[in-house]
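**Student:** curious how this folds, go ahead:
(chains A, B and C)
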Amino acid sequence: MIKLNSNLMIHQYFCLMIRYLKKQNFWFVFTPYFWLVLFFFIPLALIFKISISVSEWGMPPYRDLFSLSEDGFKIDSTLSNYLFIFSDPFYIRSYLNSLSLAFTSTILCLVIGYPIAFYVAKSQANIRIILLVLLIIPFWTSFLLRVYAWKVLLQGSGIINSILIHLGFITEPISMLHNHYAVILGVVYTYLPFMILPLYGYLVKFDLNLIDAANDLGAKPVNTFLKVILPLSLPGIIAGSMLVFIPVVGEFVIPEMLGGSDKLYFGKIIWDEFFVNRDWPVASALAMSGIVILVFPIVIFQLMYAKYNFKNE
Amino acid sequence: MSNSFLEIIDVTKRFGDILALDRVNLKIEKSEIFSLLGSSGCGKSTLLRIIAGFEKPDQGKILLEGNDITNLPPYIRPLNIMFQNYALFPHLNVTNNIKFGLKEENFSKQEINNRVNEILNLLELNGLEERKVNEISGGQQQRVALARCLVKKPKLLLLDEPLAALDKQLRIQTQFELVNLQNKLGITFIIVTHDQEEAISLSDRMTIMQNGEILQVGNPVEIYEKPKNTYIANFIGTANIFNILNKDNQIIIEELNYEIKNINNKNFNKCLIRPEKIDIKKIENQSDNSNVGIVKEIAYLGSYTKYLIEVNGIQFYSFMQNSLVSDNLQIKWDDKVEFKFNDSSIFLFND
Amino acid sequence: MQNTILRMNKLFFKIFTLTIGFSFLYFPILTLIAYSFNDNKRVMVWKGFSFRWYKELFQNEQILEAFYTSIKIASLSATFATIMGVMIGFSLTRISKIPARPFFIFLSSSPLVMPEIILGLSLLLFFISSNHIIGFPSSKGQLTVLISHITFSVAFVAVIIQSRLSSYDKNIEEAAQDLGTIPNMIFWKITAPVILPSIISGWLLAFTLSLDDLVVASFTTGPGANTLPIVVFSKVRLGLSPEVNALSAIIMLIVVLAAISIYFINRSHIKK
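**Tutor:** This is a model prediction of the structure:
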């Protein structure tokens, strides 16, 4: 973030800060940051602290990190929780499952969402507004209920099975719920608007008629797409991908409602570790590793974005 | 005790290490259109913002009708400013934009409506009253911005690049409208612009600024015909500047080797001859006339033609009216021409 | 001729894509609404048309109470988040350059990239410890859910306000001063009305985020603070519930009505 190389720089920084504070209304500027530090960063620091504490029976179910006894000040920290997680393939597999779920569904959302966003952005103004409203309505409808809708549809006695039986493809209802394909379907369905809306936002800014003109002038559509449209919409693709990828890594509700026991996901593991096993240090260690694992794709996205911006300049 | 309408006395303003205004003194008279002309960064906008009250000068005073307004905040000053981008309130429609300043002064409803109707008529904004300001054209926005200021009947109106956001056709038309409006209302206008043509055609008097200093104040004719230095001469229109040599009591234009006669004051080192004051004529035969040059470039511009003439390795311009088409059109590239100017059209100065 | 065929093909492809896309988005919701009128306890077996489940929904104390709790928390959380989001937006764009601006951007935007499960867990552990140390909050309940919801909504509102303020023309404030507005009134007469649409959309976003949240609320809730998603989730986690179908239909109706009214308000604006 900020590089403070020397004492001089620290001194300068404080002088700047003090001058700034004198000039501004202190509480107006800093209340929200205090709030975020108190209720976002301190809790994160806390789970880090708990993640390196030793678990034990009792309430709270971990030993205090710092203790002041007759022997003096003592730090009682351990990496065993992390070692435990990373030595057990069960946890590693759950991370990998979550990452692959996030990756697969981001790609699927992109593949499905891109043409929709493209054609909506290309429509005439009055139709476009109606289509946009139609895109936003599911976005505002309850997330939980949209997942629930798939649960209803995919039931053994659900409408999809009924249609398939009616058409004669199958004779007996097949079980479509409680597997990871249902989870992917549910994720793609619920997160699709998060992909389409930012894509639309970028695509609508360009004069897409120019692309039509280029096509009419003989540019191969594939080339037009690869060389003109795709690079132009890259920021939208990145924004949409981040909006899908990040929350899906920690997704708990969809696997819980539509998934089965064939694949376990990271969110569910944390939930169980905390509520079922009541092992706070391990749950915290899981969460901390989750953050670390998430940082990588975000950094990659940011780098891609920076590269794109650099190219444009 | 002077009686000037607006006096700017020794105004200095620094931004960090940059000296934006350096002891600026100006007197602006009542009911004139006064232009501040200069390239970007010359301090003209800073001066305007100090007059409007958005910036405080580090030193110096501003007097309006003899009263010191230097420390008066902008919302009390009896003057208004029209911003370059108009700064219309996007959340209000045209009428409410115009009403805004009157409401702040708690005029009666009757008075407000009368004044607004009057100004709507004056600026031909009828029919746009209910429109949102971002739904009207650039020219209309400009008139709304003007109306919003004028409806307050200010003593002084400051205009920051009032025509810069309009396209060329509209700009010329609006220039005339602005002058007519000013004549009708008698309000003093101070216009900031970087466009010399605009300054010349709009103003009664103008000033040229550079690096926070006033270089020259005068009416457009003075500034055009009698610039104080090379910078001004080049800034306004096209200028042919030559060096003057004082040899054995003869005043000679060095580059052209041309002697200027009948001259009283001999202590000048530069002279200016505007291109339209130099006539050229094609010469068929070799002549003994020393004033001969070669045409290096020709630009036909409709009403007149620009010629670039080269003599002794230096180049200068001559603009010829195209009233005598047959004569002028005979001149071709690399033709030899004889050039001619009146001694009285030479302006001598020191730089 | 070939061009016409090409264009027809394109048009066909466009309509095809949009139809498939929008059917995918709407088919599940519409099916749910259709079955909410099914007069059968077994959700997917059609027996006949009735309003039975709507009647039962409106007699279900638990759902009604959760609905009330959710609306209360969502509107309070949206209001506080909007106020703080506006403050962040201002401090990052409008007020003279804040030193170490990237640091404050980092502070205000990191909740955007935090998975809700981690956020929920950390907040719960925080509340437990702080109760342990200073005795506040005395118990988990509506207050802790409210605090958590404000925390993750602030960042979203701040992004909206920030993007509005960065394209905001500061000259209009000077123009207002020039026209006689005293500095203390400029925020109320100019700034607030101009950014009002963004404030409203920020509030609405924070409101839906809170109304929609299950995971963070599940972690931080306590006795007597069951929000609607918590109750719905407990009902449908293991099976189906015809009452929830009816609830979906009602929520859908509200969203559609809101969308239509926003659409018409916008259109009448444009027409003027």
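**Student:** please see if the helix or strand of chain C with the lowest mean pLDDT touches chain A.
**Tutor:** Scoring the helices and strands of chain C by mean pLDDT, DSSP states H and E places helix C:242-271 at the bottom, with a mean of 79. Yes - applying CB under 8 Å from any CB of the partner chain, one finds helix C:242-271 touching chain A at C:244-245, C:247-248, C:251-252, C:255-256, C:258-260, C:262-263, C:266-267. (Glycine included, C-beta is placed from N, CA and C.)
**Student:** and the gap between the residue nearest to residue A:136 when sequence neighbours are not counted and chain B?
**Tutor:** Excluding its sequence neighbours, the residue lying closest to residue A:136 (CB to CB, 6 or more residues apart in numbering or on different chains) is residue C:259, at 6.5 Å. Residue C:259 is 23 Å from chain B, where distance means CB to the nearest CB, to the nearest Å.
**Student:** go ahead and confirm residue C:259 touches residue A:138.
**Tutor:** No - the pair residue C:259 / residue A:138 is not scored as a contact, 10.5 Å apart, by CB atoms under 8 Å.
**Student:** name the residues contacting each of those two.
**Tutor:** Counting by CB atoms under 8 Å, 6 or more residues apart in numbering or on different chains, residue C:259 and residue A:138 have no shared contacts at all.
**Student:** under the pLDDT cut-off, which ranges of the chain? List them.
**Tutor:** Since no chain was named, I'll use chain A. For chain A, the stretches with pLDDT under 70 are A:1-10, A:12-13, A:16-24, A:57-60, A:64-76, A:207-216, A:218-219, A:301-302, A:304-313.
**Student:** the chain in question should be chain C.
**Tutor:** Checking chain C against pLDDT under 70 turns up C:1-3, C:6, C:43-44, C:95-99, C:266-272.
**Student:** which bits of it sit near chain B?
**Tutor:** Checking chain C against chain B by CB under 8 Å from any CB, the hits are C:169, C:171-172, C:174-183, C:190, C:193-194, C:196, C:269, C:272.
**Student:** distance of the residue in the stretch 51-200 of chain A positioned nearest to chain B from chain C?
**Tutor:** Relative to chain B, the nearest point of the stretch 51-200 of chain A is residue A:125 (15.0 Å; CB to the nearest CB). As defined by CB to the nearest CB, residue A:125 lies at a distance of 10 Å from chain C.
**Student:** what about that residue? Give its phi and psi, please.
**Tutor:** The phi/psi pair for residue A:125 (degrees, to the nearest 10) reads phi -50, psi -50.
**Student:** neighbours around it, how many?
**Tutor:** Other residues within reach of residue A:125, judged by other CB atoms under 10 Å in any protein chain shown, total 7.
**Student:** test my guess that residue A:280 contacts residue A:54.
**Tutor:** No - the pair residue A:280 / residue A:54 is not scored as a contact, 11.1 Å apart, by CB under 8 Å.
**Student:** the two: who's more crowded?
**Tutor:** Remark: of residue A:280 and residue A:54, residue A:280 carries more neighbours, 23 against 14, as counted by other CB under 10 Å.
**Student:** report the contact partners of the residue positioned nearest the centre of chain B.
**Tutor:** Central residue of chain B (CA atoms, centre = their mean): residue B:199, 2.2 Å from the mean position. Residues in contact with residue B:199 (CB under 8 Å, 6+ apart) are B:35, B:37, B:191, B:193, B:206, B:220.
**Student:** now do the SS call for residue B:163.
**Tutor:** Under DSSP: H, G, I helix; E, B strand; the rest coil, residue B:163 falls in the coil class.
**Student:** report pLDDT for it.
**Tutor:** Model confidence at residue B:163, given as pLDDT, is 88.
**Student:** so who does it touch?
**Tutor:** B:142, B:171, B:174-175, B:178, B:193, B:195, B:198 are the contacts of residue B:163 under CB under 8 Å, 6+ apart.
**Student:** show me the domain layout of chain B.
**Tutor:** Chain B breaks down into these domains under automatic domain parsing: B:6-235, B:240-349.
**Student:** tell me the most buried of these?
**Tutor:** Highest mean neighbour count of those: domain B:6-235, a mean of 18 (counted as mean count of other CB atoms under 10 Å in any protein chain shown).
**Student:** how about residue B:259, phi and psi?
**Tutor:** The phi/psi pair for residue B:259 (degrees, to the nearest 10) is phi -90, psi 130.
**Student:** what distance do you get for it to chain A?
**Tutor:** Applying CB to the nearest CB to residue B:259 and chain A gives a distance of 58 Å.
**Student:** what's the answer for residue B:51, then?
**Tutor:** The gap separating residue B:51 from chain A is 25 Å, by CB to the nearest CB.
**Student:** check the secondary structure at that residue for me.
**Tutor:** helix.
**Student:** which residues are in contact with it?
**Tutor:** Applying CB under 8 Å, 6+ apart to residue B:51 gives the contacts B:6, B:8, B:62, B:79, B:156, B:158, B:190.
**Student:** I'd say the fifth one and residue B:64 touch.
**Tutor:** Yes - Residue B:156 is in contact with residue B:64 according to CB under 8 Å; the separation is 7.0 Å.
**Student:** tell me how many other residues crowd the closest residue to residue C:199 other than its chain neighbours.
**Tutor:** Spatial nearest neighbour of residue C:199, chain neighbours left out: residue C:82 (6.2 Å); criterion: CB to CB, 6+ apart. For residue C:82, the tally of surrounding residues (other CB under 10 Å) stands at 27.
**Student:** wait, residue C:82 sits on residue C:203?
**Tutor:** Yes - between residue C:82 and residue C:203 there is a contact at 4.6 Å, judged by CB under 8 Å.
**Student:** where do the contact lists of those two overlap?
**Tutor:** With CB under 8 Å, 6+ apart, residue C:82 and residue C:203 have common neighbours residue C:157.
**Student:** now residue C:219: which helix or strand?
**Tutor:** helix C:215-220 (DSSP states H and E).
**Student:** quick one: buried residues of the helix or strand just after that helix?
**Tutor:** The helix or strand immediately downstream of helix C:215-220 is helix C:228-236, counting by DSSP H and E. By 16 or more other CB atoms under 10 Å in any protein chain shown, the buried positions in helix C:228-236 come out as C:228-233, C:235-236.
**Student:** hmm, who's touching helix C:228-236?
**Tutor:** A:142, A:144-145, A:148, A:151, A:253, A:257, C:62-63, C:66-67, C:69-70, C:211-214, C:217-218, C:221, C:241, C:243-244, C:247.
**Student:** now do it against helix C:242-271, angle only.
**Tutor:** Counting by axes from the mean of the first three to the mean of the last three CA atoms, to 10 degrees, helix C:228-236 lies at 140 degrees to helix C:242-271.
**Student:** thinking again about what came up before, go through the domains of chain B and find the least confident stretch.
**Tutor:** When I compare the domains of chain B, domain B:240-349 is least confident, with a mean of 83.
**Student:** and the gap between the residue nearest to residue A:113 when sequence neighbours are not counted and residue A:111?
**Tutor:** Nearest residue to residue A:113, sequence neighbours excluded (CB to CB, 6+ apart): residue A:195, at 3.9 Å. Using CB to CB, to the nearest Å, residue A:195 is found at 10 Å from residue A:111.
**Student:** the two - which one has more neighbours?
**Tutor:** Legend: neighbour count by other CB under 10 Å for residue A:195 and residue A:111, higher for residue A:195 (28 against 11).
**Student:** so which elements touch the helix or strand harbouring that one?
**Tutor:** Using DSSP H and E, residue A:195 maps to helix A:180-203. Packed against helix A:180-203 by the contact rule (3 or more CB pairs under 8 Å, 6 or more residues apart in numbering or on different chains; DSSP states H and E) you find helix A:89-122, helix A:125-140, helix A:143-154, helix A:234-249, helix A:253-258, helix C:2-35.
**Student:** is any residue of the next helix or strand after the fifth one near chain C?
**Tutor:** Proceeding C-terminally, helix A:253-258 gives way to helix A:266-275 as the next helix or strand, assigned by DSSP H and E. Yes - Helix A:266-275 comes into contact with chain C when judged by CB under 8 Å from any CB, the residues involved being A:266-267, A:270-271, A:274.
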